[in-house]
Structure formats: C-alpha cells, structure tokens
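S.K.: sequence and predicted model, in that order:
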Amino acid sequence: QVQLVESGGGLVQPGGSLRLSCAASGSIFSINAMGWYRQAPGKEREFVARISWSGANTYYANSVKGRFTISSDNAKNTVYLQMNSLKPEDTAVYFCTAHSRSGYDYWGQGTQVTVSS
C-alpha cells in the first residue's frame, strides 16, 4: 500500500504561481512513476504531468507544457508540481498519483487550485 498526501493548493490570481507537493509513504519500493491529474467541475479527470521515480523522465500535457514543472526529491519521497503563469482554465482539483510496478495506481485525496481575480 502507498499513501499519498497533497498540499499547496489555494487561490491565486491569473498569471500567478503555486507549488503543489505530494508526500508518499508506505510501500515506496513498489513505485516506478508518480504524476498529477486534475479535474475541473463538470469535466473528466485529465493528465497533467508524470515523472519517473528516478526523476530521469518527465512528461507533460500540451496544455501545461512550458508553464508547469514536475520534480521529485527521493530523499523526502515527495513529488512537486511548480505551476507558473496560471490561467483561470487551470482551476481544478489536482490529484497526485503513484504508479506501482504491478500496474496499480494509487491516488491522493486531491487539493483545490483556484485561479481567479
């Protein structure tokens, strides 16, 4: 079992920045990648970014490429999502996910990000 706890969400003005954190605990050895998804009201959950557990490989949705950066600190078992140049359409609940070597995905409880003036 892997437990994920997100933090760092909040209210920010358009053009502003936020950094989300996701701390993993439990069976860390089973993780081979971690990532972020988001779900806006009335919309389906969508992929945002993913990073291999080693940190060597990263992937981004086209909608956030160049604005968001995913990174990891293995010593702290934590993944970060730095979000810059935020837009109102980035408003959503952001979920951290951990992909295990067995193919199972673990999910955090989500953190709200609201971009509004």
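M.R.: Yes, it's here. This structure is a prediction, so every number in the text was calculated from the model and none was measured.

S.K.: quick one, phi psi at the closest residue in space to Ala98 that isn't next to it in sequence?
M.R.: What sits nearest to Ala98 in space, not counting adjacent residues and going by C-beta to C-beta, 6 or more residues apart in numbering, is Tyr106, at 4.4 Å. Bear in mind the C-beta positions are built from the backbone N, C-alpha and C, glycine included. Main-chain torsions, Tyr106, degrees, to the nearest 10: phi -100, psi 150.

S.K.: tally up the residues packed near Tyr106, please.
M.R.: For Tyr106, the count of nearby residues is 19 (other C-beta atoms under 10 Å).

S.K.: also Tyr60?
M.R.: Residues lying near Tyr60 (other C-beta under 10 Å) number 19.

S.K.: for it, give the beta-bridge partners.
M.R.: With DSSP bridges as the criterion, Tyr60 is bridged to Ala49.
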